[in-house]
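**Q** pasting the structure only:
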Ligand SMILES: NC(=O)c1ccc[n+]([C@@H]2O[C@H](COP(=O)([O-])OP(=O)(O)OC[C@H]3O[C@@H](n4cnc5c(N)ncnc54)[C@H](OP(=O)(O)O)[C@@H]3O)[C@@H](O)[C@H]2O)c1
């Protein structure tokens, strides 16, 4: 039990990587608060896992200020919340690319600005390997991830002795692709798994375990960890 007596907030904790992180932190003895927009899903997860929940939207300055006012000082903060819209640079709607930055980049910025993290505690940002392994039609996501990785390194200096790190996942099987047709989603995951040295895609728990390492290894700050099943070396 590595987090007994620690208070952990997972912004984006009702699904996927955030949910796996909340579960793992809870199993390590932490007092865990999860935050996200959809109240029904948030409350369902919180009551099943016996966690606390606060509805919040990372795209709103006021909502994130209220979240941290309600929670008070905390030990570890994790931001997984994102709403990703992308497309070809020549044709994607400006509203869509602005929404991507608003949620993923400015959302993390708002959390960093408002969270009161105890000395020696940590802030973890979740980015994504498109920052260094770009794909056509995803430039805005790669750019948001790259900006977040720079932000983590800057904040490691500015917020010290709070530690700030980022984990940059490859393809992780979470509900983030729920809107894709099921067969196309499964085929994409199978093709990705076959292309990777580890022979599988990631699970939320893979990333959660790295985030737990950021929380508990007091020597880690300013680190960017690429956790991608070997995608960057293939
Ligand atoms: N899964 C992958 O393959 C993968 C790969 C690389 C990077 N990532 C990154 O990992 C992070 C987590 O992804 P995931 O796969 O765990 O996604 P997910 O399963 O869709 O979970 C996203 C979580 O964020 C919350 N959220 C979304 N927009 C929000 C907002 N504006 N304010 C507050 N909460 C918000 C969602 O709840 P509500 O919708 O109720 O708000 C949900 O709890 C994202 O930043 C994603 O870009 C994922």
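**A** Good, I have the coordinates. These numbers were taken from a predicted model, which means no experiment stands behind them. Residues are numbered from 1 along each chain as shown.
**Q** the ligand contacts on this structure?
**A** The interface of the chain toward the ligand, taken as C-beta under 6 Å from any ligand atom, is made up of 12, 14-18, 36-38, 41, 56-59, 80-84, 103-104, 126, 128, 169, 171-172, 174-176. The way it works is simple: take the backbone N, C-alpha and C, and place the C-beta from them, glycine included.
**Q** pLDDT wise, what is residue 83 at?
**A** At residue 83, the model reports a pLDDT of 89.
**Q** would you say it is within a strand?
**A** No - assignment of residue 83 by DSSP: H, G, I helix; E, B strand; the rest coil gives coil, placing it outside any strand.
**Q** quick one on the thing from earlier: can you select the buried ones among the residues of the chain next to the ligand for me in PyMOL?
**A** Buried members of the residues of the chain next to the ligand, defined by 16 or more other C-beta atoms under 10 Å, are picked up in PyMOL with:
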select buried, resi 12+14+15+16+17+18+36+37+56+57+58+59+80+81+82+84+103+104+126+128+169+171+172+174
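**Q** which of the residues of the chain next to the ligand fall within helices?
**A** 16-18, 41 (DSSP state H).
**Q** closest to the ligand out of those residues?
**A** Closest to the ligand out of these is residue 16 (2.2 Å), distances taken as C-beta to the nearest ligand atom.
**Q** doesn't residue 80 make contact with that closest one?
**A** Yes - contact criterion C-beta atoms under 8 Å: residue 16 and residue 80 qualify, at 6.9 Å.
**Q** ok, now which ones touch residue 28?
**A** By C-beta atoms under 8 Å, 6 or more residues apart in numbering, the contact list for residue 28 reads 1-4, 212.
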